[in-house]
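J.: sequence plus predicted model, see below.
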Amino acid sequence: MKHILISLEKYRSLMQRACPEQVSSSTVSEQTSPPTVPEIEVPIIDETIEDTPSEGLSIEHILAIIPKRAQNKANSLLHLLQPHLKWTKRGEIVIHDRPIANSHIADLVKYTVMRHIHKRLPTGGTEYIAILASINTPRSLIVNEQVIELLTQPTPTPSAWHSL
């Protein structure tokens, strides 16, 4: 739900136009004291559920971060990854229902589809590379030679992450 703030006069005008027979100028009155808000109990939300992957950052938002020349491969890679890797609405990748702090799906995808942009693997890279290997990612989507090298090395499998 989206909210906007408008003046009381504008609100009255809009309501009058929307349903003139039901709304009179006396129906909406200015409040001299702030409205009272009923007290409600707010449940404490576990940090792993607070930023759920089902509400993850959209592929379109991720692609907007990636340079145009790499967006086609990034788009294909993201669609390939989506059933196997989740990310939060802030872009942090999620492994075993826990977001990896300071990771970002756009950094990882960008690292994969661009040639030699950083020498260091971005945060969450080890888990990300393991997922790329486990789903047998086509080499045509991987431009960065360092990622190709990492994929050919033995990496921990997703089931072995419990001990990490």
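T.: Received the coordinates, thanks.
J.: quick one: Val94 from Ile65, how far?
T.: 18 Å (CB to CB, to the nearest Å). All C-beta spots, glycine's among them, are computed from the backbone N, C-alpha and C.
J.: looking at those two, which one has more neighbours?
T.: Val94 (21 against 16; other CB atoms under 10 Å).
J.: so what's the more buried one closest to, chain neighbours aside?
T.: Lys86 (4.4 Å; CB to CB, 6 or more residues apart in numbering).
J.: average model confidence for stretch 75-84?
T.: Stretch 75-84 shows a mean pLDDT of 94.
J.: sorry, slip of the keys, the one I care about is stretch 135-146.
T.: Rounded mean pLDDT across stretch 135-146 is 93.
J.: using CSV, write out every CA atom in that stretch.
T.: Output of stretch 135-146 as CSV, limited to C-alpha atoms (Å, rounded to 0.1, in the frame of the first residue of the first chain):
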residue,chain,number,x,y,z
ILE,A,135,24.0,-26.4,-11.4
ASN,A,136,26.6,-26.9,-14.1
THR,A,137,26.5,-23.3,-15.3
PRO,A,138,27.2,-23.0,-19.0
ARG,A,139,30.7,-21.6,-19.6
SER,A,140,29.2,-19.3,-22.2
LEU,A,141,27.7,-17.2,-19.4
ILE,A,142,31.0,-16.9,-17.6
VAL,A,143,33.4,-14.2,-18.9
ASN,A,144,35.7,-13.8,-15.9
GLU,A,145,38.6,-16.2,-16.2
GLN,A,146,39.0,-16.3,-12.4
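J.: got the contact list for that stretch?
T.: Outside stretch 135-146, the residues that touch it by CB atoms under 8 Å, 6 or more residues apart in numbering are 70, 73, 76-77, 80-81, 84, 111-117, 119, 121, 132, 148, 151.
J.: same deal with stretch 62-71?
T.: With CB under 8 Å, 6+ apart, stretch 62-71 has contacts from Ala74, Asn75, Leu78, Gly91, Ile105, Ala106, Val109, Lys110, Val113, Met114, Val143.
J.: for those residues, which single residue is the most surrounded?
T.: Ile105 (27 neighbours).
J.: quick one, what contacts that one?
T.: Applying CB under 8 Å, 6+ apart, the residues contacting Ile105 are Leu57, Ile62, Leu78, Leu85, Trp87, Gly91, Glu92, Ile93.
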